[in-house]
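> only geometry, no sequence info:
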């Protein structure tokens, strides 16, 4: 076959794929409604399975308690109530407590959080495990839903929240990602009108430092001094309160345990497929630790450079901190699948704006990919060694950056 004929034969499928991604005609309102209902049904089915396991003894087929990671929080709360807060950061003591309190030969569910988070865990130890788990997930999900509803009311409809794959991911792990996403969403919404309160929201996120580190940088670059002062005051107050409640020994023990968190990352003690960072992507593809760190550093430098440029060009606070959320996920090497809940903030911000004024090219595809990512990221990494998360997160960042760089003369909008 002549080369020019072969080229002509190959071009239509490529053009079709480009149009599929660019215009996302598959994401019209009628079809989106069907997709969301199917995802909501999948979440409901998953929740019914979890309820069955609880009814059948509280252990899943892997031999792990339902809401497995919550074992760590609940046990830490009980240890803190028994004036053993510092021992939470001694792996052998924490493991022994988890096994004693739960009454089963469990593996170790690590607690790598600063004593700030022990303040939230303290009341959890007052209730039986499954009661505490239900109260924790219900209260943090309520905060998550309320914060998103206030940030993006068109997007955060009940069906959308019920369908979000990250909801089942967080519930299945018994994790705290609803809380971190709620605080980030609240800070993003309040930044323009109540900067001090917004800064305090980001300060409260200090219980998970890897998700809070870029907030003060963003506040500094954008000159939001009241918010920055509130951030610093909130973190200082929480650190002081936790030191007063639990003693300085708890902070000393936390700092001494830090190398264990690094070892968990480097030795693959948590399956790299469960991690969603650039570091984990390299490890999933078979790369060594040195190469993974180099790739993570390169991605972080590029993402931080784009963030600073975007913050200086963008004037809308919601889009600014939506970009901060994306770059946070690209810069930290310690990002688990449930931490992808943070992406709901940029998804909500962009979807809200698109529903009001129209979407630009490729935006609906980027939003759809980020929305479903928590459902597919880990399975694809485990079965096909295909780590998609950094690519999807970067694509979401690029469409946000494009709006920052071209706010006056946007490309033709695509109907919702």
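Arrived safely, thanks for sending. Since the structure is predicted, the reported quantities are computational estimates derived from the model, not experimental observations. Numbers count the residues shown, from 1 in each chain.
> quick check: residue 134 vs residue 246, distance?
26 Å (C-beta to C-beta, to the nearest Å). For the C-beta atoms, the positions are set from N, CA and C on the backbone; glycine is no exception.
> okay, those two: which has more neighbours?
residue 246 (23 against 14; other C-beta atoms under 10 Å).
> for the more buried one, phi and psi?
phi -110, psi -10 (degrees, to the nearest 10).
> thought it was touching residue 118?
Yes - using C-beta atoms under 8 Å, residue 246 is in contact with residue 118, at 5.9 Å.
> mutual contacts of these two, please.
Taking C-beta atoms under 8 Å, 6 or more residues apart in numbering as the contact rule, residue 246 and residue 118 both touch 80, 85.
> pLDDT of whichever strand or helix holds residue 307, averaged?
Residue 307 is part of helix 289-313, with elements assigned from DSSP states H and E. Mean pLDDT, helix 289-313: 96.
> swap in stretch 316-326?
97.
> same check on stretch 213-224?
Here the average pLDDT along stretch 213-224 is 96.
> pull out the buried positions in that stretch.
214-219, 221-222, 224 (16 or more other C-beta atoms under 10 Å).
> count of neighbours near residue 351?
Using other C-beta under 10 Å, the number of residues around residue 351 comes to 24.
> for the one 10 residues further on, same thing?
By the measure other C-beta under 10 Å, the count of residues near residue 361 is 18.
> inside helices: which ones of the buried residues of stretch 213-224?
Per DSSP state H, helices hold the following members of these: 214-219, 221.
> what does stretch 313-328 rub up against?
With C-beta under 8 Å, 6+ apart as the test, stretch 313-328 has contacts from 151, 184, 187-189, 191-192, 210-211, 213-215, 218, 222, 303-304, 306-307, 310-311, 342-343, 345-346, 349-350, 353, 393, 396-397, 400-401, 403-405, 407.
> returning to that earlier point: which of the ones in helices among the buried residues of stretch 213-224 lies closest to residue 377?
Closest approach to residue 377 among these (C-beta to C-beta): residue 214, at 21.4 Å.
> hmm, the closest one is touching residue 307, no?
Yes - applying C-beta under 8 Å as the test, residue 214 and residue 307 come out as touching, 7.2 Å apart.
> give me the element the closest residue to residue 151 other than its chain neighbours is part of.
Ranked by C-beta to C-beta, 6 or more residues apart in numbering and with sequence neighbours excluded, the top spatial neighbour of residue 151 is residue 189, at 4.4 Å. Using DSSP H and E, the element containing residue 189 is helix 177-190.
> sorry, back to before: got JSON lines for the buried residues of stretch 213-224, with distance to residue 25 too?
Below are the buried residues of stretch 213-224 laid out as JSON lines (distance: C-beta to C-beta, whole Å):
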{"residue": "214", "distance to residue 25": "35"}
{"residue": "215", "distance to residue 25": "37"}
{"residue": "216", "distance to residue 25": "42"}
{"residue": "217", "distance to residue 25": "39"}
{"residue": "218", "distance to residue 25": "35"}
{"residue": "219", "distance to residue 25": "40"}
{"residue": "221", "distance to residue 25": "38"}
{"residue": "222", "distance to residue 25": "37"}
{"residue": "224", "distance to residue 25": "40"}
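> how many residues are close by the closest residue to residue 219 other than its chain neighbours?
Leaving aside its chain neighbours, residue 219 sits nearest to residue 228 (4.1 Å; criterion: C-beta to C-beta, 6+ apart). Number of residues near residue 228 (other C-beta under 10 Å) recorded here: 22.
> residue 200 versus residue 228, what's the distance?
To residue 200, residue 228 is 11 Å away according to C-beta to C-beta.
> residue 359 too?
For residue 359 relative to residue 200 (C-beta to C-beta), the value is 33 Å.
> just residue 401 next, same as before
On the measure of C-beta to C-beta, residue 401 and residue 200 end up 28 Å apart.
> same thing with residue 258?
Distance from residue 258 to residue 200, by C-beta to C-beta: 26 Å.
> what comes up buried for stretch 63-77?
For stretch 63-77, burial by neighbour count (16+ other C-beta under 10 Å) applies to 64-77.
> thinking again about what came up before, and the helix holding residue 307, how far out from the chain middle?
18 Å (C-alpha atoms, centre = their mean, to the nearest Å).
> need the single longest helix in this protein, by residues.
helix 29-55.
> which helices and strands sit right next to it?
Counting contacts by 3 or more C-beta pairs under 8 Å, 6 or more residues apart in numbering; DSSP states H and E, helix 29-55 packs against helix 158-163, helix 165-173, helix 363-384.
> work out for me the element the closest residue in space to residue 161 that isn't next to it in sequence sits within.
In this structure, residue 161 finds its nearest non-sequential neighbour in residue 145, 5.5 Å apart by C-beta to C-beta, 6+ apart. Using DSSP H and E, the element containing residue 145 is helix 129-151.
> how about residue 334?
Here residue 334 is covered by no helix or strand, with elements defined by DSSP H and E.
> tell me what the helix holding residue 189 is packed against?
helix 129-151, helix 165-173, helix 195-204, helix 317-331, helix 344-357.
> and the longest one, what's buried?
To tie it back to what came earlier, the one meant is helix 129-151. For helix 129-151, the buried set under the neighbour-count rule, 16+ other C-beta under 10 Å, comprises 129, 132-133, 136-137, 140-141, 143-145, 147-149, 151.
> so can I have CSV of the helices and strands packed on helix 177-190 showing distance to residue 262?
CSV is the format used below for the helices and strands packed on helix 177-190 (distance: least, C-beta to C-beta, whole Å):
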stretch, distance to residue 262
helix 129-151, 28
helix 165-173, 22
helix 195-204, 25
helix 317-331, 16
helix 344-357, 28
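> residue 365 is nearest to which of the ones you listed?
Of all the helices and strands packed on helix 177-190, helix 344-357 comes closest under C-beta to C-beta, at 11.7 Å.
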